[in-house]
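A.B. asks: Give me coordinates for this.
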Amino acid sequence: MSTTLRRSAAATAAALIAGTGLNLLAPPAADASSPREAPLIASDPAVDTTDLYAFTSPDRPGFVTFLLTVMPFEAPDGGPDFFPFATDATYNIKVDNDGDAEPDVTFRWTFSTDDRRGNSTFLYNDGPVTALDDENLLVRQSYKLEATFDGGPWQTAAASAPVAPSRVGNASMPDYGKLRDAASVTLDGGWRIFAGQADDPSFLDLRVFDLLYGGDLSETGNDSLRGFNVNTIALEVPYMDVALGHDGTRNPVIGAWATTERPKVRITGENRGVTGETVQVSRLGNPLINEMIVPAGLKDTFSASRPDQDAGNPALAARFNDPEVPRLLQKIYNIPAPATPRADLAELFLTGLTTKAGGPIRTDLNSQLANPDADPDAFRPSEMLRLNLSTPVTARPSRLGVLGGDPQGFPNGRRLTDDVLDISLQALAGAAQTGKLVDALGTGDRVDANDQGFSGTFPYVALPNTATVSKSAAAAPAADQGAGAALAPDLAAQSSPLRQTVLTTAAAGLAGAAGAALVVFGLLWHRRQTAAATPAVPFTPGRVTGQAPAEEPTLPPASDPYTDN
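C.D. replies: Here you go, the predicted structure:
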């Protein structure tokens, strides 16, 4: 990068961090589930994005996995209709690989329902279900997966892939694992796809809303999501399909976010699929930004916004520069709030960790500015989940991610076992600035792992729960945490000064992807089917060119992202 280009990128970031010039949203992202984070989306759970994960596949070198969960708080006994994906909506995962805050790759899911009940029964199934095409399964869903690369035309990767049904119970589905396996499909080209119900992989204590755990940290230790299920979309693709120039070695850093869209006008009682003009009703990169950082009056606007619109919003920039949580910690626990504006949070969640943007964290890890083929002059700070694909899979992953000396962990993407809530509280209290953890917050929320173990193979998430939530016992976490789960010691035992950790990557010439800082970052809370699904049209992942990108949906008014008529 030339001196001029370096100065350009640094100037852009400096303007952001100082709160002058560009007014950018830079909320300290939060982890764990982000259910019901905004007023309007709270009334539409089928399209409420709750969590987004992005991590290098631990069992398959050269592949990256994305997981998107929607529809929070699914109780196992929530019949008789249970929890279908919306059929008049689109679910999207978008990837920016050059840092301009616009999608270079978009994956799009649309769902269909075959409801065979008619007037004969109210049951989801009228006998034991042993296969996805079992005649006893009366409500079935399938989906179409499409993708567009580098502004090319939409291509169909799977025309009618099966959805794993809601898990009604052991009498209805005596071997649910078999149903899960049948819904885990391998496509031509190596893609693996899945959609269906799963145990909610997030773990945290949501009593944080009671004035930060009761005012004395007494209301901690309960996993608020234990026993609940969530609808899950999983996709595993080769690096080349998401990396800039299709080269994940040379350009390994990507940024990802998820959105859901609804028709702008919906006809109540009629299933018309996705027709006409659509509008975005939910957005998620780093979880819980909207729920815990954005003030109530701006939440619906954020749900409808795009990363390239993060610039030019002074009200949101103000909330980043002076986030609410540190002030609450000071008021309730007498923990001094860090000085503002919070430049460290800007680097963590708007630019990624990089020395090329002029931020205060002097390390290189997961900014698109590290990609040699990215144009620094086009770089645009924006909120998204950033991942360096070249970071080796950790032999002993820490639940504390980078803070635990594990540079593969959050905020360098997000694995299922990354415990970000504890780290977030520390960051908001200023640990990233001082280099020391805040002893008063050493135990965090005392929820350090999911109650169910994760699988070591795709789609990685645990099977759905069957026990009624109100009767669920507080089970200890399973030993097999698969995709990333050797647990680090409790945070309270790690109150020594933060160590700086350097990660050497195999990607030659990648100046910005070699280092990993021991940073505390600002955010708050949260097998496969042998027969491949047959594409409807010839499908060549990552090699399509020649058409303009699809037009982005029009930004709706903040108070009314869609209308029911």
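A.B. asks: What is the burial count for residue 253?
C.D. replies: When neighbours are defined as other CB atoms under 10 Å, residue 253 has 32 of them. The C-beta positions use only the backbone N, C-alpha and C, and glycine is treated the same way.
A.B. asks: repeat for the one 4 residues further on
C.D. replies: Counted by other CB under 10 Å, the residues lying close to residue 257 total 24.
A.B. asks: Give me the residue ranges of this protein where confidence is low.
C.D. replies: For the chain, residues meeting the criterion pLDDT under 70 lie at 1-43, 265-276, 288-294, 435, 471-565.
A.B. asks: Check the secondary structure at the residue of it positioned farthest from its centre for me.
C.D. replies: Taking CA atoms, centre = their mean, the residue of the chain most remote from its mean C-alpha position is residue 120, at 40.3 Å. Three-state call for residue 120 (DSSP: H, G, I helix; E, B strand; the rest coil): coil.
A.B. asks: Against residue 78, how distant is it?
C.D. replies: Separation of residue 120 from residue 78 (CB to CB, to the nearest Å): 22 Å.
A.B. asks: does residue 459 really touch residue 197, like I thought?
C.D. replies: No. With contact defined as CB atoms under 8 Å, residue 459 does not count as touching residue 197 (11.4 Å).
A.B. asks: Name the residues linked to residue 63 by a beta bridge.
C.D. replies: Here residue 63 sits in beta bridges with residue 238, going by DSSP bridges.
A.B. asks: my bad, should have said residue 385
C.D. replies: residue 256.
A.B. asks: how much space between it and residue 62?
C.D. replies: Distance from residue 385 to residue 62, by CB to CB: 20 Å.
A.B. asks: How about residue 338?
C.D. replies: In terms of CB to CB, residue 338 sits 40 Å off from residue 62.
A.B. asks: So for these two, which sits in the more crowded spot?
C.D. replies: Comparing residue 338 with residue 62 by other CB under 10 Å, the one with more neighbours is residue 338, at 23 against 13.
A.B. asks: chain center to stretch 343-361: distance?
C.D. replies: 20 Å (CA atoms, centre = their mean, to the nearest Å).
A.B. asks: Hmm, I typed the wrong one, I wanted stretch 391-404.
C.D. replies: The chain centre lies 18 Å from the centre of stretch 391-404; the measure is CA atoms, centre = their mean.
A.B. asks: What's the local residue count around the nearest residue to residue 365 once chain neighbours are set aside?
C.D. replies: Nearest residue to residue 365, sequence neighbours excluded (CB to CB, 6 or more residues apart in numbering): residue 353, at 4.0 Å. By other CB under 10 Å, the residues close to residue 353 number 28.
A.B. asks: My read is that residue 353 contacts residue 363, right?
C.D. replies: Yes. Residue 353 lies in contact with residue 363 (CB under 8 Å); the separation is 5.5 Å.
A.B. asks: quick one: buried residues of the helix or strand hosting residue 328?
C.D. replies: Following DSSP states H and E, one finds residue 328 within helix 324-333. Using 16 or more other CB atoms under 10 Å as the test for burial, helix 324-333 gives 324-326, 329, 333.
A.B. asks: now the residues you listed as JSON lines including distance to residue 348?
C.D. replies: Listed next are the buried residues of helix 324-333 as JSON lines, based on distance: CB to CB, whole Å:
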{"residue": "324", "distance to residue 348": "17"}
{"residue": "325", "distance to residue 348": "15"}
{"residue": "326", "distance to residue 348": "15"}
{"residue": "329", "distance to residue 348": "18"}
{"residue": "333", "distance to residue 348": "23"}
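A.B. asks: Quick check: the residue farthest from the centre of the chain vs residue 412, distance?
C.D. replies: Counting by CB to CB, the gap from residue 120 to residue 412 is 53 Å.
A.B. asks: got the residue ranges for the helices in the stretch 101-250 of the chain?
C.D. replies: Applying DSSP state H, counting those that start in this stretch to the stretch 101-250 of the chain gives helices spanning 176-183, 211-212.
A.B. asks: For the longest one, name the packing helices and strands.
C.D. replies: For helix 176-183, the contact count by 3 or more CB pairs under 8 Å, 6 or more residues apart in numbering; DSSP states H and E identifies strand 155-162, strand 192-199 as packing neighbours.
A.B. asks: what about the helices in the stretch 351-500 of the chain?
C.D. replies: Counting by DSSP H, counting those that start in this stretch, the helices of the stretch 351-500 of the chain are 420-428, 431-434.
A.B. asks: Ranking those helices by mean neighbour count, which comes first?
C.D. replies: helix 420-428 (a mean of 29; mean count of other CB atoms under 10 Å).
A.B. asks: ok, back up a step: for the helices of the stretch 351-500 of the chain, give me JSON lines that also has distance to residue 313.
C.D. replies: Formatted as JSON lines, the helices of the stretch 351-500 of the chain follow (distance: least, CB to CB, whole Å):
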{"stretch": "helix 420-428", "distance to residue 313": "21"}
{"stretch": "helix 431-434", "distance to residue 313": "24"}
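A.B. asks: Can you check which of those helices gets nearest to residue 464?
C.D. replies: Comparing these by their distance to residue 464 (CB to CB), the top pick is helix 420-428, with 23.3 Å.
A.B. asks: helices or strands up against the closest one?
C.D. replies: Against helix 420-428 (3+ CB pairs under 8 Å, 6+ apart) you get helix 324-333.
A.B. asks: and the next helix or strand after the helix it packs on, what does it pack onto?
C.D. replies: Using DSSP H and E, the helix or strand that follows helix 324-333 in sequence is helix 343-346. Applying 3+ CB pairs under 8 Å, 6+ apart, one finds that helix 343-346 contacts helix 3-18.
A.B. asks: ok, back up a step: name the residue in residue 459 and residue 197 with the higher neighbour count.
C.D. replies: residue 197 (29 against 26).
A.B. asks: Residue 231 versus the closest residue in space to the more buried one that isn't next to it in sequence, what's the distance?
C.D. replies: The shortest distance from residue 197 to any non-neighbouring residue, by CB to CB, 6+ apart, is to residue 464 (4.5 Å). Note on residue 464: its distance to residue 231, by CB to CB, is 10 Å.
A.B. asks: Which neighbours do the two have in common?
C.D. replies: 197-198 (CB atoms under 8 Å, 6 or more residues apart in numbering).
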